[in-house]
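Asker: quick check, what structure comes out for this input:
(chains A and B, ligands or ions: 1)
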Amino acid sequence: MNDMTPSREQRIANLKGMGASRKRVEDVRFTQGKGNYVDDIKLPGMLFGDFVRSPYAHARVKSINTEAAMALPGVIAVLTAADLAPLNLHWMPTLAGDKQMVLADGKVLFQGQEVAFVVATDRYIAADATELVDVEYEELPVVVDPFKALEPEAPVLREDLEGSAEGAHGPRRHHNHIFLWEAGEKEATEQAIDASEVVAEEMVYYHRTHPCPLETCGTVASMDKVNGKLTVYGTFQAPHVVRTVASLLSGIEEHNIRVVSPDIGGGFGNKVGVYPGYVCAIVASIVTGKPVKWIEDRMENLSATAFARDYWMKGRISATKEGRITGLHCHVTADHGAFDACADPTKFPAGFFHICTGSYDIPVAYVGVDGVYTNKAPGGVAYRCSFRVTEAAYFIERMIEVLAIELGMDAAELRRINFICKDQFPYQSALGWEYDSGDYHTAWDKALEAVGYKELRAEQAQRIEDFKAGRTRKLLGIGLTHFTEIVGAGPVKNCDILGMGMFDSCEIRIHPTGSAIARLGTISQGQGHATTFAQIIASETGLPADSITIEEGDTDTAPYGLGTYGSRSTPVAGAATALCGRKIRAKAQMIAAYLLEVHDGDLEWDVDRFVVKGAPERFKTMKEIAYAAYNQAIPGLEPGLEAVSYYDPPNMTYPFGAYIAVMEIDVDTGEHEVRQFYALDDCGTRINPMVIEGQVHGGATEGYAIAMGQEIAYDEIGNVKTGTLMDFFLPTAWETPHYTTDHTETPSPHHPIGAKGVGESPNVGSVPAFSNAVHDAFRAFGLRHSHMPHDHWRIWKIARDLGLHG
Amino acid sequence: MIPSSFEYHRPSDLAAAIGLLAEHGDEARVIAGGHSLIPLMKMRMAGATHLVDLQGLGDLKRITVSADGISIGAMVTQAELIAHEGLAAAVPLLREAALQIADPQVRNLGTVGGNVANGDPGNDMPGLMQCLGATFTLEGPDGSRDVAAREFYHGAYVTARADDEILTHIRFAPPAGGYAYEKQKRKIGDYATAAAAVLLTRNGGTVASASVAMTNLSDVPVWSQAAGEALAGSDCGDEAVRSAVTAMLADIDPQQDNRGPVEFKRHVAGVMLARAISRAWSRA
Ligand SMILES: Cc1cc2nc3c(=O)[nH]c(=O)nc-3n(C[C@H](O)[C@H](O)[C@H](O)COP(=O)(O)OP(=O)(O)OC[C@H]3O[C@@H](n4cnc5c(N)ncnc54)[C@H](O)[C@@H]3O)c2cc1C
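Answerer: This next block holds a predicted model:
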């Protein structure tokens, strides 16, 4: 070694491996407008599809006349349910075990439902032609309220299911009932609560909202009739599953279908499901032999594909006088819309809602979820969350606040005395989960200290005095949240989507010159996989992250995987990646041993090389080993250096965090200002702190929107009232609060690199933090609970109802 | 979100533009910045088979500021209006209000003429122009005429302008005294939940004159003469502000929408007006 030899620290830095704040490699093209999204795909002879949609929320379709539309020059076809029926494609299976109309079959069940699909030579002609399709409707009574939907006299929404007492998830007790799903011990819970000294009850509504990714859903389907191959480009968060479903539905053999997810402009759960647009584009391409593009516009996206939440959560929580929680009971009325198209693991029709005991050591609990049909759009997707975890976190974090009021206790203290303790992990929750690791007390103390909690409470007390004395019209709210997520679905033994186990995969090929390509079964939609997965491989194989290409989304080349949602990429595919890197390293060790003429066991790994133990000057770098793999005949070893790993996680991972929002509220106008937002995340091992920070900023901004104004609202006859971005709240830079991020690091004991996933934590954790801040501001004046979103008039109404307007 | 097809015209003088409107009758429509019209066309709520673009009419882009009058061409963009120092000095109310309209991108294209001609009760400029007592100049096949801003608005999207007339200029006398524009909105780029424009002149400790206009609280902008009269001659104290608010509330007629119910809007209208009065008074 000489002065030119890089130090160990330099070699580590050169790798830009795990722990490095490596800049996102994707951003070079995104920030220059050089991304390649579905709508950028232009194939020769491509046709365009557009939907005729229902103006009514519930109506019988008496007739559809397509003559005038067909007569418009440039129109190639107008598909209706009657055209799809012979192919048995007028209905399609949903991910939740239900079925959904592809095109209206006799009736429509929500406003915006797909009625006919026009195919034309250009987008403008297709749009014009949709206006020429003459549909005769007969209006039917509309049900938008899930409680009314379950009344005995409620209109029958799903006539196709009439008389079937058994659904995909057990018995149905009413014609608009989908399932009752339960966890925990009902009777024991009721007994424990009834016997408790203090009981708090509340109905907590998590309103209907929408993921609203910047890029809407879309596809280009291209059937090559000569070679029998179907290629489908689309905004798919799970391309392999789409391929399997397409094969099962169409009868085309799976090897003849190639599904490609190009760059995706945000998914947040909106792009997990299968939509009528995909089916129609594929059928249209098969029929015409030409590529067919279908791209949603913003109004279609907001009103027809994949809403989120809409959970009415009735809770009872009990405690001792000192505040030790003794039981938690929850009944959810879940509004699923017209078809049960939730995107959950098959055996979990209410997702992982039963993580709703949160961060607390609750001895006994029960959850029952009733799924209900209404005349609203189908969906119920996991909007930046792992299958109803957001609803669960909001529920428990509101119940804790309500209990604190009941007890007359400080809500921070109530949390502290009920946290699961560090030494209780792995922790068995009352609702059946095994929490892998956590250190809640440390995180909580750090968070309270960071925001100056004591001083904030003192300031608040002064503010209340000033308000009462008429010196101010502004109140101060301190919103606390300690959330625990459950992500990384999931173990194949109980997690699947349409029968496909929820493992994931990675394949790595090392090139002779020491660079590499890795392919995964996941697909980035903005998460930065090309950046972070290369860092995992860099740390595992000793090749610089900058020399590693990450490729996802093409089912012809990527190994099978279940895709990206539910914060599963790092917990599942990230584990596959690390293990795959270790396979590479194991073979590299044998090659190094051959080259150095020592036994395998005489070598030790050092950052980017194998070194002979006790002889540090004798080593082979990974780069040298890669070359040798391709140019040396090594006895007993195949040439080449590549590996593939499929990872079936033994358990979920349980990221957690402590979020605190401080808010000023104008009592007279209902306006607010977020003065401070502090987010402490513990996602286990941190792969790229800068990417984590970016994820937290983005997710917290979504959470802010949801808590403070974003909703999909319907009027009583089922019209969508929030179908454009004028009324559907997406914060701009102006409204977005400033965030302070922080962390603790409690690795997952069962994950190869200890990482837990962070993409969704900020959405899960920030909604209750913002909402609790609003509630906290009014606590001194007697507010217990008020439903989100906390837009101006709803906050104003809180103040008015409390008599604060004089 | 795709408009139906239309013919596009870009005349280079006013006469040609008026000629096109006359020729195509109610199939023709003027387009200025397009930031109210194009969204409606994309949603197919407004159809126009002939769009007559006014961007080629240089004469309509002029701002003149003098002691005896201010004139703003219809094609002046909201961004240009904000940037004009002479105008900001003479009528600071305009800049204060224009900065609360939409966002920078919209303001770069959206014009003052389009904003006042549009007739959408959500637009901020109409109430402002009523507050200023402005006059709109309309040019049509039969020549030109002036209409007072306070007489221009008849209902949502219904104005005194005939289909074949083009609004060319807005004129008003430079206001004296204090001013304020208070607008509550849900986010950047939103129309007002309630907005109040106030101009006040002071005579020692009393209000000499007052002009009050409200936005998005009726199907037309509301110039509340009674609210102005309630302030005039008063000391602008709590009592006077309360009676101005009461007078204003009698003149507005808000409708429930996603911003909230009527009761809320009426309350917020009162808050906006009270705040605008107090700020204008402090500047008078
Ligand atoms: C996201 C968004 C937010 C917005 N927020 C606000 C807001 O907060 N406050 C606000 O006031 N506005 C708002 N607007 C509207 C914006 O200010 C428009 O630019 C303005 O209303 C219309 O001006 P324009 O030049 O774009 O007119 P156009 O859209 O071109 O025309 C509007 C109408 O006026 C007619 N017209 C235009 N010019 C003339 C003329 N010279 N003579 C006769 N008729 C004419 C047109 O035929 C059309 O009917 C918003 C718009 C958007 C897209």
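
Asker: A:E459 and A:G477 touch, don't they?
Answerer: No - in this structure, A:E459 is not within contact of A:G477 by Cβ atoms under 8 Å, at 11.5 Å. Where you see a C-beta, it was placed from the backbone N, CA and C, and this is true even at glycine.

Asker: which one's more surrounded, these two?
Answerer: Just comparing A:E459 and A:G477: by other Cβ atoms under 10 Å in any protein chain shown the higher neighbour count belongs to A:G477, 24 against 14.

Asker: ok, that one - contacts?
Answerer: Taking Cβ atoms under 8 Å, 6 or more residues apart in numbering or on different chains, we find A:G477 in contact with A:A661, A:V662, A:M663, A:E664, A:I665, A:N772, A:A773, A:V774, A:H775, A:D776, A:A777, A:F778.

Asker: one more pass at 10 Å, please.
Answerer: A:G477 makes contact with A:460, A:463, A:661-665, A:672, A:674-675, A:770-779 under the criterion Cβ atoms under 10 Å, 6 or more residues apart in numbering or on different chains.

Asker: so what's A:I537 up against?
Answerer: A:I537 neighbours (Cβ under 10 Å, 6+ apart): A:15, A:17-18, A:506, A:508, A:510, A:516, A:518, A:543-545, A:547-548, A:550, A:577-578, A:580-581, A:584.

Asker: can you name the residue of chain A nearest to chain B?
Answerer: Chain A approaches chain B most closely through A:W793 (3.0 Å), counting by Cβ to the nearest Cβ.

Asker: tell me the pLDDT at that residue?
Answerer: At A:W793, the model reports a pLDDT of 98.

Asker: past the lowest-mean-pLDDT helix or strand in chain B, which element shows up next along the chain?
Answerer: Least confident helix or strand of chain B, by mean pLDDT, DSSP states H and E, is helix B:37-42 with a mean of 94. Downstream of helix B:37-42, the first helix or strand assigned by DSSP states H and E is strand B:50-53.

Asker: the helix or strand following that next one: which residues count as buried?
Answerer: Where DSSP H and E defines the elements, the next helix or strand beyond strand B:50-53 is strand B:63-66. The neighbour-count criterion (16 or more other Cβ atoms under 10 Å in any protein chain shown) identifies B:V65 as the buried residues of strand B:63-66.

Asker: residue contacts, residue 35?
Answerer: In the absence of a named chain, chain A is used. A:E26, A:D27, A:R29, A:E215, A:P262, A:D263, A:I264, A:G265.

Asker: to clarify, I was referring to chain B.
Answerer: Listed by Cβ under 10 Å, 6+ apart, the contact partners of B:H35 are B:77-78, B:102, B:105-111, B:114-115, B:118.

Asker: what's the domain layout of the chain?
Answerer: Because you didn't say which chain, this covers chain A. Listed domain ranges for chain A are A:8-37+A:503-647, A:41-140+A:215-265+A:271-304, A:307-489+A:652-802 (source: the TED database).

Asker: nope, chain B
Answerer: Following automatic domain parsing, chain B resolves into domains at B:7-53, B:60-171, B:180-283.

Asker: run a quick neighbour tally on B:F6.
Answerer: Per other Cβ under 10 Å, the neighbour tally for B:F6 reads 16.
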